[in-house]
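J.: sequence unavailable; structure follows:
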Ligand SMILES: Nc1ncnc2c1ncn2[C@@H]1O[C@H](COP(=O)(O)OP(=O)(O)OP(=O)(O)O)[C@@H](O)[C@H]1O
Ligand SMILES: [Mg+2]
């Protein structure tokens, strides 16, 4: 699904954000990306949805390779992914329904297929009754549900979440996490960056830890010279 | 399509002043072009009428041998540019002069007016350059005293037409350039105002073409509206000139008018196309 091979990412002004990183996430897998602020988590995710290209090494996602993907092929990749962020990124002047429909419209879904699909997605994220609410009329957790529903419009094979619960209280966080688990249970791989170690520890999912641009721990490949996950 | 139209009207609401400004500069671009185009068109019409009467008159020296003259007539008639050649005898010349200048008829005396050759050119060979070339050739016959062909004012009309045409072209292009720049900055503003929306579109997998389309349509629509406005202004100007100066003038044919409106659309499209790619990359 995702394969990083010796990926280094250097930004023009800030320098090396990711240094010789290699890992692999399988189809349908759930993996956490952890590490201190500035470690390179968001950089890894941006490399996955090809917002950024590696300086060296290669990123492969669902059969597409960073080394030879063309700019105009990126939309094709994005339609197989779902992406959510800490700040939800909803359009403030559109209702929950319209925000979800927007993603369907801009990817060329036939008009008549949109309303039933929007209804189904709203139900899936538990917001069936809030379709006509504007983002400011929704709680943070509800807004994130709308964003997740929007990320699911194209039935993605992989959901990328960059600190999806960063702005939420504990209860809302648990709700969102449960939703992501359900999505994963139905076959979608999930790669989630988070600071919430509590959440990471309580679940049995794989953890990839980054620090200063290096992968310092991967629970799928335990190394004797690294501390076990509990000690993180 | 409906989505695209919605985006266009959104653009108008987000940057109304710049939108109106873009439409107006396109309109002025085409209006300048149209106004001078009209002058050129009407001078051309006048030239056509004048050209029908373009003739070269070669005055024959007194006592020229008649055989030489008639041989030359055959010669000249076979020039590819020449339609016909007539010999005007001094008597015919006098009769004509009397008819044209009724009250001065007594002034003329058959002896004063020399015989001449009247040479008419075929259509398509009546421009100043060809006329002059033929006149020069006719001048080489030894019995020809002098050649006249109304050179100054034919040349003048041609100059007026060319200057009007060139001025229209230069002004039109200058305004078109300004229009392209203004449309570019309108797009920059709209792109900035909609950066969030555009980045979300990209995130969920909208193609570049899809993101770009509303901007292109927006530019094209503004251009067409500008073109229609220019057409209306040109028509008003034409009516004003026609009525106040009483000059019998011509307006563009519907084909040229439609071409002008399409040109507006092209300017608008060009303005959008040139800037949209660059600005979208920054989002
Ligand atoms: N667009 C960019 N241009 C330049 N430097 C960048 C850019 N994005 C990130 N960086 C740098 O790359 C490094 C890693 O940033 P990144 O956003 O990946 O960290 P992160 O692990 O997501 O941190 P956080 O937990 O705070 O979100 C940082 O030093 C940051 O300054
Ligand atoms: Mg981050």
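T.: Everything's here; your move. On a predicted model such as this, the values are computed, not experimentally measured, just so you know. Ligands and ions are numbered 1, 2, ... in the order given.
J.: strands of chain A, residue ranges please.
T.: Using DSSP state E, the strands of chain A run over residues A:2-11, A:15-25, A:30-34, A:56-61, A:64-65, A:81-85, A:158-162, A:189-193, A:206-211, A:214-218.
J.: mind checking those strands for the one nearest to residue B:135?
T.: Nearest to residue B:135 among the strands of chain A is strand A:64-65; the distance by Cβ to Cβ comes to 75.7 Å. No exception for glycine: its C-beta is placed from N, CA and C like everyone else's.
J.: looks to me like residue B:80 is in a strand.
T.: No - counting by DSSP: H, G, I helix; E, B strand; the rest coil, residue B:80 is not found in a strand; it is coil.
J.: just the element for residue B:173, please.
T.: Taking DSSP states H and E as the criterion, the element that holds residue B:173 is helix B:151-193.
J.: just the pLDDT at the most centrally placed residue in chain A, thanks.
T.: Closest residue to the average C-alpha location of chain A: residue A:160 at 1.4 Å, with Cα atoms, centre = their mean. If you check residue A:160, the pLDDT there is 97.
J.: repeat for the one 5 residues further on
T.: On the pLDDT scale, residue A:165 is placed at 92.
J.: just give the nearest non-adjacent residue to it, would you?
T.: In space, not counting the residues next to it along the chain, residue A:165 is nearest to residue A:173; the distance is 3.8 Å by Cβ to Cβ, 6 or more residues apart in numbering or on different chains.
J.: quick check: the gap between the one you found and residue A:51.
T.: Distance of residue A:173 to residue A:51, given as Cβ to Cβ, to the nearest Å: 25 Å.
J.: who's more crowded, those two?
T.: Higher neighbour count among residue A:173 and residue A:51: residue A:173, with 21 against 16, using other Cβ atoms under 10 Å in any protein chain shown.
J.: list the buried residues of the worst-scoring helix or strand of chain A on mean pLDDT.
T.: For chain A, using mean pLDDT, DSSP states H and E, the weakest element among its helices and strands is helix A:197-202, scoring a mean of 91. Within helix A:197-202, the residues that qualify as buried by neighbour count (16 or more other Cβ atoms under 10 Å in any protein chain shown) are A:199-200.
J.: which strands or helices does it pack on?
T.: strand A:30-34 (3 or more Cβ pairs under 8 Å, 6 or more residues apart in numbering or on different chains; DSSP states H and E).
J.: can you get me a residue count around residue B:219?
T.: Neighbour tally, residue B:219, other Cβ under 10 Å: 32.
J.: give me every residue that touches it.
T.: B:22, B:183, B:187, B:268-273 (Cβ atoms under 8 Å, 6 or more residues apart in numbering or on different chains).
J.: determine which two of those are furthest apart.
T.: B:22 and B:273 (14.0 Å).
J.: quick one, which of these two is more surrounded?
T.: Higher neighbour count among residue B:22 and residue B:273: residue B:22, with 31 against 18, using other Cβ under 10 Å.
J.: is it true that residue A:172 touches residue A:141?
T.: Yes - taking contacts as Cβ atoms under 8 Å, residue A:172 lies within contact range of residue A:141: 3.1 Å.
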